[in-house]
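**Q** attaching a predicted model along with its sequence, questions to come.
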Amino acid sequence: MTTLSEYTTLGLGGPARSFRAAATTEELVAAVAEADAAGEPVLVLGGGSNLVVSDEGFPGTVVLVDSREVSFEEAGTDDDGEPVVLLRADAGVEWDPLVERAVAEGLSGVEFLSGIPGRVGSTPIQNVGAYGQDVSQTIREVLVHDRRTGQRRRMTNAECGFTYRDSVFKGDDRHVVCEVVFALRRSKLSRPIAYAEVARTLGTDAGARVPLEQARETVLELRRGKGMVLDPADPDTRSAGSFFTNPVVTAEEFAEVRERAAARLGTDVEVPGHPDGRGGIKLSAAWLIDRAGFSRGYGSGPARISGKHTLALTNPGGATTEDLLELAREVRSGVQEAFGVRLVNEPVMVGVSL
């Protein structure tokens with residue numbers, strides 16, 4: 001019997017009742033369709049980098065997406081006159097090697113998403129993003145298997161309903177992602193830098209463009225420093241990446257957070273907050289966690305906050321899923337008590353809830 005802890009970056013999760021690997025899109029669709037026809041619960045599994053799986057495992061069929069086709073197609077120019085290349089990738093393609101290849105091919109648009117674990121199929125579900133870039137900025141379309149109709153169809157970027165770390169796919173298992181098409185620019189330069197930490201590290205200003213390789217290496221360096229690049233020798237990377245999303249609040253709620261922070265930390269404290277582009281203010285979950293008293297390395301049980309970054313909850317070894325959830329609940333409650341903000345988990349919960 002296959003144990004799902006072998007397939008998650010947290011190293012957590014119990015057995016699957018049934019386990020199938022799909023090496024092609026056709027095998028993926030067939031495996032899901034057969035399980036659906038039999039009334040069997042289905043878990044579609046990619047790189048396991050964004051899952052928290054129950055200690056009891058999964059009482060149905062787990063389908064490992066292992067399709068690996070990649071192709072490139074010239075597609076004219078964009079509004080700025082730069083050549084556009086469509087990058088088509090099967091859902092089972094490993095994400096970071098694909099980013100590395102795009103950079104090597106001189107294709108701009110995903111370079112700041114370097115070092116993120118997982119596979120292509122999960123990127124539209126979570127609207128994967130980091131350092132001021134997310135996949136919704138370059139996804140042209142997503143090929144899905146519609147479990148309700150039994151048909152495959154291509155969904156446009158608009159139909160995917162992308163928002164911050166969200167999409168129409170998240171929390172709804174109707175669609176199985178089979179292929180993602182990205183529209184990338186043929187350019188030796190990155191997209192404009194949109195993240196202050198990246199600009200500072202590069203010694204330049206926000207909005208500047210730098211060579212693709214330089215952008216990638218800078219992001220990899222920053223992620224390694226936070227334990228966000230998988231390394232079997234580093235227990236801090238045995239995580240699901242950022243466990244909580246950065247909360248978005250209203251202006252009134254932000255004012256309350258600042259009042260609470262001043263009362264708790266002193267009137268000269270500055271609460272980091274930035275417009276989210278949709279009328280809200282995005283806060284730093286890492287800042288809230290740390291200022292609520294949960295520092296790097298925190299944890300009295302087998303699960304710990306990473307020693308490198310407060311947003312990552314880790315399994316250094318010997319933890320169970322319930323151990324991890326107990327720590328997550330403690331952190332969530334502490335932040336809510338301190339600042340009145342309720343954190344939301346970023347990883348997908350399978351058989352458990354926070």
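**A** Yep, that arrived.

**Q** by mean pLDDT, point me to the weakest helix or strand of this structure.
**A** strand 273-275 (a mean of 92; mean pLDDT, DSSP states H and E).

**Q** buried residues in it, which are they?
**A** residue 273 (16 or more other Cβ atoms under 10 Å). Every C-beta, even on glycine, is put in place using the N, C-alpha and C of the backbone.

**Q** what is the burial count for residue 71?
**A** By the measure other Cβ atoms under 10 Å, the count of residues near residue 71 is 11.

**Q** wait, residue 309
**A** Residue 309 has 21 nearby residues by other Cβ under 10 Å.

**Q** do the same with residue 159
**A** 14.

**Q** please apply the same query to the one 10 residues further on.
**A** Other residues near residue 169 come to 23 when the count uses other Cβ under 10 Å.

**Q** tell me which helix or strand the closest residue to it other than its chain neighbours sits in.
**A** Nearest in space to residue 169, with sequence neighbours left out and distances taken as Cβ to Cβ, 6 or more residues apart in numbering, is residue 125 at 4.3 Å. Using DSSP states H and E, residue 125 sits within helix 123-126.

**Q** tell me what that helix is packed against?
**A** Using 3 or more Cβ pairs under 8 Å, 6 or more residues apart in numbering; DSSP states H and E, the elements in contact with helix 123-126 are strand 139-146, strand 175-186.

**Q** between those, which one is closest to residue 58.
**A** strand 175-186 (15.9 Å; Cβ to Cβ).

**Q** the residue located most distally from the centre of the chain: helix or strand, and which one exactly?
**A** Residue farthest from the centre of the chain, counting by Cα atoms, centre = their mean, is residue 267 at 34.8 Å. If you go by DSSP H and E, residue 267 is not part of any helix or strand.

**Q** what are the structural domain limits within the protein?
**A** The chain breaks down into these domains under automatic domain parsing: 4-65, 70-225, 235-350.

**Q** and the next helix or strand past the longest helix along the chain?
**A** Longest among the helix segments of the chain by residue count, using DSSP state H, is helix 321-339. Going down the chain from helix 321-339, the next helix or strand is strand 348-350, by DSSP H and E.

**Q** packing partners of that next one?
**A** strand 51-53.

**Q** distance from the chain centre to the longest helix of the chain, please.
**A** Its chain's C-alpha centre and that of helix 321-339 lie 20 Å apart, by Cα atoms, centre = their mean, to the nearest Å.

**Q** now swap in stretch 166-175 and tell me
**A** 14 Å.

**Q** okay, buried residues for that stretch please.
**A** Buried residues in stretch 166-175, counting neighbours by 16+ other Cβ under 10 Å, are found at 167-169, 175.

**Q** give me the distance between the two termini of that stretch.
**A** With Cα to Cα, to the nearest Å applied, stretch 166-175 spans 14 Å between its terminal residues.

**Q** repeat that for stretch 63-75.
**A** Stretch 63-75: ends 33 Å apart by Cα to Cα.

**Q** any buried residues in it, and which?
**A** Buried-residue list, stretch 63-75, by 16+ other Cβ under 10 Å: 63-67, 72.

**Q** one step back: closest one of the buried residues of stretch 166-175 to residue 37?
**A** Scanning the buried residues of stretch 166-175 for proximity to residue 37, where the rule is Cβ to Cβ, the winner is residue 175, at 17.5 Å.

**Q** distance of the closest one relative to residue 53?
**A** Distance of residue 175 to residue 53, computed by Cβ to Cβ, to the nearest Å: 21 Å.

**Q** check residue 202 too.
**A** 38 Å.

**Q** now residue 121: closest residue in space that isn't a chain neighbour?
**A** Nearest non-adjacent residue to residue 121, counting by Cβ to Cβ, 6+ apart: residue 91, 2.9 Å away.
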